[in-house]
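Participant: everything below, folded, please.
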Amino acid sequence: MTIRLSTGCRNAMLGDTTHKGIKGALDSGFMNVYTGTQPASADTGATGTLLGTVTVNNDGVTGITWTAAASGVLAKNGSELWQFGGLAAGVAGWFRFYPAGGSPGSTSTTEVRVDGLIGTAGADANMSNTNVALSAVSTVDSASITMPAS
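Facilitator: Predicted coordinates for the structure are as follows:
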């Protein structure tokens with residue numbers, strides 16, 4: 001697993017009172033799913049083809065939320081159905097979480113972002129099928145952000 005935090009995300013964790021940590025910054029935000037390999041830094045612009053933007057029930061507007069952190073893990077809210085409609089056909093390879101109103105495709109050292117790998121099992125986010133079809137609805141089954149103890 002390869003979680004990458006943007007500079008803005010790391011700053012938020014270290015005392016940015018506006019966002020109140022990663023959960024505060026990302027609650028009601030969105031997740032973009034892309035093809036290919038994730039960028040070396042969450043500060044850089046997105047790479048690959050945008051396959052879709054995850055919202056609650058694929059409604060296109062309702063941002064996703066997280067559970068309260070436990071044992072150093074922030075997890076997908078299990079009561080929400082995280083879905084997206086395929087904007088293009090391709091194989092999901094990585095994702096970017098970002099706050100509502102964010103600019104996930106551009107380069108930024110101030111925006112809170114979390115990038116990670118997406119797969120069918122054992123990844124930072126998992127889907128039962130990473131093959132995305134144009135206009136078809138895909139579901140993100142699980143996602144988590146783990147902060148190491150040291």
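Participant: my guess is Asn126 contacts Val140. True?
Facilitator: Yes: using CB atoms under 8 Å as the test, Asn126 is close enough to Val140 to be in contact (7.4 Å). C-beta: built from backbone N, CA, C; applies to glycine.
Participant: common neighbours of the two, please.
Facilitator: Common neighbours of Asn126 and Val140, using CB atoms under 8 Å, 6 or more residues apart in numbering, are Ile118.
Participant: name the residue in the two with the higher neighbour count.
Facilitator: Val140 (23 against 18; other CB atoms under 10 Å).
Participant: now do the contacts for that one.
Facilitator: Val140 neighbours (CB under 8 Å, 6+ apart): Met31, Val33, Val54, Lys76, Trp82, Gln83, Phe84, Ile118, Ala125, Asn126, Met127.
Participant: excluding chain neighbours, what is closest to Ala149?
Facilitator: Nearest non-adjacent residue to Ala149, counting by CB to CB, 6 or more residues apart in numbering: Gly72, 6.5 Å away.
Participant: hmm, back to that, can you list which of the contacts of Val140 are found in strands?
Facilitator: Met31, Val33, Val54, Trp82, Gln83, Phe84, Ile118, Ala125, Asn126 (DSSP state E).
Participant: just send those residues back as a markdown table, with pLDDT too.
Facilitator: Listed next are these as a markdown table, based on pLDDT from 0 to 100:
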| residue | pLDDT |
| --- | --- |
| Met31 | 98 |
| Val33 | 98 |
| Val54 | 98 |
| Trp82 | 98 |
| Gln83 | 98 |
| Phe84 | 98 |
| Ile118 | 97 |
| Ala125 | 98 |
| Asn126 | 98 |
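Participant: appreciated, that's everything.
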